[in-house]
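1. next comes the sequence, and after it the predicted model I'd like to discuss.
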Amino acid sequence: MHSVFERITAAFPWIVSIASALALWHPPLFVWFQGNLITLGLGGIMLGMGLTLQWSDFKQVAKTPRWILTGIVLQFTIMPLLGWALGYLFQLPTFFAVGLILVACCPGGTASNVIAYLARAHVALSVCMTTFSTLGAIVLTPLMMGQLSGSYVEVDAMGLFYSSLEVVLFPVALGVVLNRWLPQKTAKILPYAPMTAVLLITLIVASIIGQGRDIILNSGFRLLLALMSLHLLGFVLGFLISYVAFKNKAVAKTISIEVGMQNSGLGVVLAQENFANPMTAIPAAISSLIHSLYGSFFVFFFKDRGK
């Protein structure tokens, strides 16, 4: 049974791709999953992430602080600046430009841990980077959004901060506490967590794509090019800079994956809760599809190459 769950998790990019295509073809298949269901879905993903963590994981920072700090700095500099620049370069409508910057300001997502595992990268480092970039995003995402999106719209930085607390910190903290005090019960749940995360993020992505079907089909080409450029440059620059810094291919692969893959589900929730135009959430939804496909490519590119 566990092998079935692992196969479903590994097939994440293809599951998201098929669901996205179905959402464009017949939106009612997925648009029912909206509003509070999306918020609860992301909370479930973050709770699952928390359940995989132990206090000892946080001690990893003391052992490899340079690796983790470098990854987080690259995450919150390269991607936000690229998002801002690409929005101007491709002359995106305001709602798409703001959504592009928002997803670029989000931390790494749990899908990056799966890709790191499949690519034979440094999985423990990936988990630590995801954890600490997620916690850092509670402050850094609103801060970067306020700085970079001010030329487009007024950003409620405190609203973004409180939303991040609600859908990131509380579920992750609850997962860590449950894992600490109820280890036997959480051990029974853990095998289902990755597969559940795959299904929930698929529902979130397909729902947003279904809701924005018409505008995606009519004017989404430039947005698609912008997102493809954003994630490709994130992967490439993340690898090159970290490899030059550490001369360690496993670490460079891990940082590359972490920088190139964002928590798109968080981007969707933050967009829906803090911006009036629902189309602001569309870049985050499409982002999940693109970075997952890129991640799959990097798995095949990296997995047979040495450390």
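-> Sure, I can see it. Residues are numbered from 1 along each chain as shown.
2. am I right that residue 53 is in a helix?
-> No - counting by DSSP: H, G, I helix; E, B strand; the rest coil, residue 53 falls outside a helix, being coil.
3. tell me where the stretch 201-307 of the chain has helices.
-> All helices of the stretch 201-307 of the chain, identified by DSSP state H, counting those that start in this stretch, fall at 213-219, 221-246, 249-260, 264-274, 282-302.
4. now render these as a markdown table, adding mean neighbour count.
-> (Glycine included, C-beta is placed from N, CA and C.) Formatted as a markdown table, these follow (neighbours: other Cβ atoms under 10 Å):
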| stretch | mean neighbour count |
| --- | --- |
| helix 213-219 | 14 |
| helix 221-246 | 19 |
| helix 249-260 | 27 |
| helix 264-274 | 26 |
| helix 282-302 | 23 |
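5. can you redo those helices as a markdown table with mean pLDDT and distance to residue 137?
-> Below are these laid out as a markdown table (pLDDT from 0 to 100; distance: least, Cβ to Cβ, whole Å):
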| stretch | mean pLDDT | distance to residue 137 |
| --- | --- | --- |
| helix 213-219 | 79 | 26 |
| helix 221-246 | 94 | 15 |
| helix 249-260 | 91 | 13 |
| helix 264-274 | 86 | 7 |
| helix 282-302 | 81 | 13 |
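6. save those helices as a markdown table, and put in distance to residue 85 too.
-> A markdown table is the format used below for those (distance: least, Cβ to Cβ, whole Å):
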| stretch | distance to residue 85 |
| --- | --- |
| helix 213-219 | 20 |
| helix 221-246 | 9 |
| helix 249-260 | 16 |
| helix 264-274 | 18 |
| helix 282-302 | 15 |
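7. quick one, which of these gets closest to residue 170.
-> Closest to residue 170 of the helices of the stretch 201-307 of the chain, according to Cβ to Cβ: helix 264-274, at 13.1 Å.
8. just the CA coordinates of the closest one, formatted as PDB?
-> The C-alpha trace of helix 264-274 is given here as PDB (Å, rounded to 0.1, in the frame of the first residue of the first chain):
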ATOM      1  CA  SER A 264       1.900  28.200  -4.800                       C
ATOM      2  CA  GLY A 265      -0.900  27.100  -2.500                       C
ATOM      3  CA  LEU A 266       0.100  29.800   0.000                       C
ATOM      4  CA  GLY A 267       0.200  32.300  -2.900                       C
ATOM      5  CA  VAL A 268      -3.400  31.400  -3.900                       C
ATOM      6  CA  VAL A 269      -4.700  31.800  -0.300                       C
ATOM      7  CA  LEU A 270      -2.900  35.100   0.300                       C
ATOM      8  CA  ALA A 271      -4.200  36.500  -3.000                       C
ATOM      9  CA  GLN A 272      -7.800  35.500  -2.300                       C
ATOM     10  CA  GLU A 273      -7.800  36.800   1.200                       C
ATOM     11  CA  ASN A 274      -6.000  40.100   0.600                       C
END
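9. that one packs against which elements?
-> Identification of packing neighbours for helix 264-274 by 3 or more Cβ pairs under 8 Å, 6 or more residues apart in numbering; DSSP states H and E yields helix 36-51, helix 94-104, helix 123-148, helix 157-164, helix 193-211, helix 282-302.
10. list the buried residues for stretch 46-57?
-> 46-53, 57 (16 or more other Cβ atoms under 10 Å).
11. swap that for stretch 173-185, please
-> Residues 173, 175-176, 178-179 are the ones in stretch 173-185 that count as buried (16+ other Cβ under 10 Å).
12. from the residues you listed, which is closest to residue 108?
-> Nearest to residue 108 among these is residue 175, at 16.8 Å by Cβ to Cβ.
13. now do the same for that closest one: helix, strand or coil?
-> Taking three-state DSSP, the label given to residue 175 is helix.
14. how far away is it from residue 124?
-> Remark: distance between residue 175 and residue 124 (Cβ to Cβ, to the nearest Å) = 18 Å.
15. then residue 107?
-> Separation of residue 107 from residue 124 (Cβ to Cβ) stands at 17 Å.
16. please identify which of those two sits among more neighbours.
-> Neighbours per residue (other Cβ atoms under 10 Å) separate residue 107 from residue 124, with residue 107 holding more: 28 against 14.
17. test my guess that that one contacts residue 75.
-> Yes - when contacts are counted by Cβ atoms under 8 Å, residue 107 is listed as touching residue 75 (6.6 Å).
18. mutual contacts of these two, please.
-> residue 133 (Cβ atoms under 8 Å, 6 or more residues apart in numbering).
19. element containing the most far-flung residue of the chain relative to its centre?
-> Distance from the C-alpha centroid of the chain peaks at residue 184, with 29.0 Å (Cα atoms, centre = their mean). Secondary structure assigned from DSSP states H and E places residue 184 in helix 183-189.
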